[in-house]
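Peer 1: Show me how the following folds:
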Amino acid sequence: MRRFSVLWVGLTLGYVPTFSAVELVRVESQVARTDGQAFVRLVGLEGSVVRYTLDGTPVTLSSGVFLAPISNGDLLGCTLRAREFDTSGKPVGNEKTWSFKSRVTPLKQTLLPVTQNRDYQTYDWAKRHAAILDLNKKRQPSVIMVGDSITHFWGGAPQMGRVNGSQSWEKYLAPRQAANLGYGWDMTQNVLWRLRNGELDGIKPKACVLLIGTNNLQSDSVPDIIEGMQSLVAEIRERCAGCKILVLALPRGGPNDPLRKKSLELAQSLESAKIGDSTINLSDKFVQDDGTIPREWMKDLLHPTEKGYEMIGQAVDAQLTEWGI
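Peer 2: Numbering: from 1, shown residues only. From the prediction side, this is the model:
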């Protein structure tokens, strides 16, 4: 018989989850934590990979791997869906669903820590996370670059997928022992999971360059994206005392692309919100008077080319130099 289960770790007083088709194997601890937290852990057959979603969407190969217990505080109001996959990526068995009901207002998607695998044809998200945790045991970066594919494809270790900006990386960031914490297709909620699961442990960066949110534009409002980014800044400040935070904003898409307008709105909102120590809106540098973004700077109107990264690198270098980093 296939065993696919949800394990509760800890005990939450006064909170009763509603399950659907779940085998409760055991409770590992009967001692209530002082913060009233409990955790859920998904367990599949040996050798299988368990993928999951928290927003009620079907589980596919693009869904994140279950890597760490989920706090029940992050599950309130959520629908947890999970399914096993074999090592070749083929789904095994049927998907299972658990609905967690509560009077508490559920977290917005931009604030809900979760893994992802949307860019699986380019790199393995879980392997990149493991590689960064391993690197952090061996290095002490002065600067961490946190973000999505725009950061991921800039340069530096670990190299997974294409590299578009190696020259500017070596020029502006390598001398500062910069660590690349960028992941293709990440949203604010995926970065939040990473920051809470070891990617800042053991390091003491002097500065963080945060460039995230463009992938949220397709599904989330600008205020919700800002809120997600604020949560990231708070997480960085809590875990890296004294770390300066530089927030970057970039435009995307053509003049008539709805995402162009929304990306500019996000950039302007970030300037007003002042969630970091400094914010650089690069829209004016990339968008020309006729509304176009030159393809030699952004070939696909999203990811910078070497010339585009040179422009970003100059702006980052100027601010880090001003901070004495």
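
Peer 1: okay, and for this protein, where does confidence drop off?
Peer 2: The model of the chain has pLDDT under 70 over residues 1-38, 101-104.

Peer 1: try 90 this time
Peer 2: 1-48, 68-80, 87, 92-94, 96-107, 161 (pLDDT under 90).

Peer 1: Mark out where each domain of it begins and ends.
Peer 2: 5-107, 125-322 (automatic domain parsing).

Peer 1: and the end-to-end length of the longest one?
Peer 2: Between the opening and closing residues of domain 125-322 we find a distance of 34 Å, counting by Cα to Cα, to the nearest Å.

Peer 1: just how off-centre is it within its chain?
Peer 2: Relative to the centre of its chain, domain 125-322 is centred 11 Å away, using Cα atoms, centre = their mean, to the nearest Å.

Peer 1: Rebuild the domains of the chain as CSV, extending it with distance to residue 117 and mean neighbour count.
Peer 2: C-beta: built from backbone N, CA, C; applies to glycine. Shown next, in CSV, are those (distance: least, Cβ to Cβ, whole Å; neighbours: other Cβ atoms under 10 Å):
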stretch, distance to residue 117, mean neighbour count
domain 5-107, 5, 16
domain 125-322, 5, 19
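
Peer 1: JSON lines for the ones you listed, including distance to residue 114?
Peer 2: JSON lines is the format used below for the domains of the chain (distance: least, Cβ to Cβ, whole Å):
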{"stretch": "domain 5-107", "distance to residue 114": "5"}
{"stretch": "domain 125-322", "distance to residue 114": "5"}
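
Peer 1: where's the spatially most central residue of the chain, which helix or strand?
Peer 2: In the chain, the centroid-proximal residue (Cα atoms, centre = their mean) is residue 191; its distance is 2.2 Å. Assigned by DSSP states H and E, residue 191 belongs to helix 188-196.

Peer 1: by contact count, what packs against the helix or strand encompassing residue 81?
Peer 2: Following DSSP H and E, one finds residue 81 within strand 79-85. When contacts are defined as 3 or more Cβ pairs under 8 Å, 6 or more residues apart in numbering; DSSP states H and E, strand 79-85 packs onto strand 49-53, strand 91-99.

Peer 1: Figure out how far the longest one is from the centre of its chain.
Peer 2: Relative to its chain's centre, strand 91-99 lies at 24 Å (Cα atoms, centre = their mean).

Peer 1: what are the ranges of the strands in the stretch 1-150 of the chain?
Peer 2: With DSSP state E, counting those that start in this stretch as the criterion, the stretch 1-150 of the chain has strands at 5-10, 38-43, 49-53, 64-65, 70-71, 79-85, 91-99, 143-147.

Peer 1: Could you export these to JSON lines, including columns for distance to residue 259?
Peer 2: Formatted as JSON lines, the strands of the stretch 1-150 of the chain follow (distance: least, Cβ to Cβ, whole Å):
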{"stretch": "strand 5-10", "distance to residue 259": "37"}
{"stretch": "strand 38-43", "distance to residue 259": "34"}
{"stretch": "strand 49-53", "distance to residue 259": "23"}
{"stretch": "strand 64-65", "distance to residue 259": "23"}
{"stretch": "strand 70-71", "distance to residue 259": "31"}
{"stretch": "strand 79-85", "distance to residue 259": "27"}
{"stretch": "strand 91-99", "distance to residue 259": "31"}
{"stretch": "strand 143-147", "distance to residue 259": "17"}
